[in-house]
Structures are given as structure tokens and as C-alpha cells.
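**Student:** give me the fold of what follows.
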Amino acid sequence: MQIIENHAEISGTLHDVCPCPDRPGFVALRVHIAAAHPVEGWPNLLQHQVGETVDVLARHDSAPARLQPGPVCLRVRKGGLTTIFAE
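**Tutor:** I've put the predicted structure just below:
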């Protein structure tokens, strides 16, 4: 399924980082979303997930993949109905 181009700045709590079993080269960041702010010029498709805990996928060699549990702020985009990618 295709989804419109979108971006958001989410903040919340990172609970865990683990390898993504179905996407080689990615890790899953388990994040409880406390806020989802729009990025100017782009739709914010994460605003309805505030209060939820989601998996955000990040390339294993990216800066988000090296984050430690605790408060986080990430720029993300939805890549499908249930897939969220860190930028």
C-alpha cells in the first residue's frame, strides 16, 4: 500500500532498541509517543498515535539506532498503515 509523503517530530520515551526480525539492517525502537508535532509543509500522520507505544524502524547504522532508553525526540515518517521510519 502506498501512503502520502509525510513527516512529524515525535517526542516521548524510548523503552527498548532491538534488531528488526523481518527487516535486515534495521532496528526497532519501542517508543511511547507523548507528542507528535507537524513538520512545516508536510502532513502529520502521527498525531492520532499520541499516547500509544509504537515501533519506529531505524537503519542499524543510524544515529537513532544508537539511542539509549529514556526521553527522545525523533523526526519520523509513516511508510504504511503500521510502519514508521526514523529519518
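**Student:** tell me what residue 76 is bridged to.
**Tutor:** residue 8, residue 86 (DSSP bridges).
**Student:** show me where this protein has its strands.
**Tutor:** 8-19, 26-38, 53-59, 70-78, 84-86 (DSSP state E).
**Student:** can you mark which positions in the first one are buried?
**Tutor:** So that's strand 8-19. By 16 or more other C-beta atoms under 10 Å, the buried positions in strand 8-19 come out as 8, 9, 10, 12, 14, 17. For the C-beta atoms, the positions are set from N, CA and C on the backbone; glycine is no exception.
**Student:** identify the residues contacting it?
**Tutor:** 26-39, 42, 44-47, 53, 56, 60, 65, 67-77 (C-beta atoms under 8 Å, 6 or more residues apart in numbering).
**Student:** cool, the second one as well?
**Tutor:** With C-beta under 8 Å, 6+ apart as the contact definition, strand 26-38 has outside contacts at 8-20, 44, 46-47, 49-60, 64-65, 67, 72, 74, 86.
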